[in-house]
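A.B. asks: Pasting the sequence and the predicted coordinates here, then a few questions.
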Amino acid sequence: MNRSNFSFLSVSLLILTFLLHDCGTVSSEEKKITVQNTKPANDKNVLVERQGAGKETIKVVIPDSPSVDSCGCPPEGNAKLEHVRELNKFKNRAFFPDSSDFNFSITLSKLLQPGEDTKRWSNNQAARIKGYVWDVKPGGMETVNCKAKDKIMRDTHIELVLNPMKTDKKDIMVVEITPRIRHLMRERGEDWSTSAIRSRFLGRWVVVEGWMMLDVEHTAQAENTNPGRPRNWRGTAWELHPITTIKETTRY
C-alpha cells in the first residue's frame, strides 16, 4: 500500500469513527420526524422536532430500528422489562418544557424533605430548582442509553445539595443531562459534555430546569423511600431528568 492510499484509509477511518460517535449525524438507519410546536400528546413519543423559544428549529433524529449501537438507541433503550422501557422513555425526553409545565412550588428543600415521596410529584411536571453542585460525574452503562461505553453517549450525573457544609448522602439530589439534550445544546453552540459541565459548575450555586422523573430503579437507595439503609447514596429517587437549563447563580 502506498503512502497516499494509507493516508486516505486513515482519514476514512477517522471520519467513520466520528460518525459512529455523533448521534446528531443522520445515517441511512435514521429518519427525522416533524411535529407542530407543541409537546406530543403523551410522553411515549418523546423524540420530536420543534421550535425553540427563538423560533429556531431544533432537529432530533430517531432510529428506524432499536439498534444497541448508542447512536441508534431508541427512546426505550435496550431494557428487557416493560416498566423499565417505559421509564427510559421519560428519561429520554428531548423537548423543552413550556411555562405551563412548571410546578413552581417545587424546591430542592421540598424534594429532600424526609418521608415517603413517590406520590409527591408527577413525571409530567417540570421544575426550576436552586442548589449547590457537590459533584459532577459520568453516569454508568445503563439500558436507557443501550449500555453505551463511550462517556459522551452516557448521562451526566450532577449531585445537588442545599448546604455545601452538610453533604451527607441523604442530603443529595441527582439531576441528569442526557445525550439527546447534550446534542441539542451542541447545535446551539453550548458544550454540555460531562467534563465541561464539571469544569464550569462544580462547587458553584446553580439554577437548573428540567423534567421531573421518579427513578424507580433507585427507590431502594434513597433515604425517603428506604429510610435508614446504611448504603443509601441519595435523599430522594426524584430527579430532574433530563435537565434543559443550567445557569450559575448566587446562594441568596
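C.D. replies: Structure received. Residues are numbered from 1 along each chain as shown.

A.B. asks: so where do the strands sit in the protein?
C.D. replies: 30-32, 50-51, 57-58, 61-63, 126-138, 156-161, 173-177, 205-214, 238-248 (DSSP state E).

A.B. asks: any idea of the mean pLDDT in the second one?
C.D. replies: I take that to be strand 50-51. Strand 50-51 shows a mean pLDDT of 36.

A.B. asks: same check, this time on the third one
C.D. replies: For strand 57-58, mean pLDDT rounds to 36.

A.B. asks: How far away from the center of its chain is stretch 92-107?
C.D. replies: Centre-to-centre, stretch 92-107 and its host chain are 14 Å apart (CA atoms, centre = their mean, to the nearest Å).

A.B. asks: what's the span of that stretch from first residue to last?
C.D. replies: End-to-end span of stretch 92-107 (CA to CA, to the nearest Å): 23 Å.

A.B. asks: Out of the strands of the chain, name the one with the poorest average pLDDT.
C.D. replies: Comparing mean pLDDT across the strands of the chain, the weakest is strand 30-32, with a mean of 29.

A.B. asks: Next, format the strands of the chain as JSON lines and append mean neighbour count.
C.D. replies: For every residue, glycine as well, the C-beta is placed using N, CA and C. Shown next, in JSON lines, are those (neighbours: other CB atoms under 10 Å):
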{"stretch": "strand 30-32", "mean neighbour count": "13"}
{"stretch": "strand 50-51", "mean neighbour count": "15"}
{"stretch": "strand 57-58", "mean neighbour count": "14"}
{"stretch": "strand 61-63", "mean neighbour count": "19"}
{"stretch": "strand 126-138", "mean neighbour count": "19"}
{"stretch": "strand 156-161", "mean neighbour count": "23"}
{"stretch": "strand 173-177", "mean neighbour count": "24"}
{"stretch": "strand 205-214", "mean neighbour count": "22"}
{"stretch": "strand 238-248", "mean neighbour count": "21"}
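
A.B. asks: Output those strands in JSON lines, with distance to Phe102 appended to each entry.
C.D. replies: Compiled in JSON lines, these are given as follows (distance: least, CB to CB, whole Å):
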{"stretch": "strand 30-32", "distance to Phe102": "28"}
{"stretch": "strand 50-51", "distance to Phe102": "17"}
{"stretch": "strand 57-58", "distance to Phe102": "19"}
{"stretch": "strand 61-63", "distance to Phe102": "26"}
{"stretch": "strand 126-138", "distance to Phe102": "5"}
{"stretch": "strand 156-161", "distance to Phe102": "18"}
{"stretch": "strand 173-177", "distance to Phe102": "15"}
{"stretch": "strand 205-214", "distance to Phe102": "8"}
{"stretch": "strand 238-248", "distance to Phe102": "11"}
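
A.B. asks: Any idea which of these gets closest to Trp192?
C.D. replies: Trp192 sits nearest to strand 173-177 of all the strands of the chain, at 5.5 Å, using CB to CB.

A.B. asks: by contact count, what packs against the closest one?
C.D. replies: Counting by 3 or more CB pairs under 8 Å, 6 or more residues apart in numbering; DSSP states H and E, the packing neighbours recorded for strand 173-177 are strand 156-161, strand 238-248.
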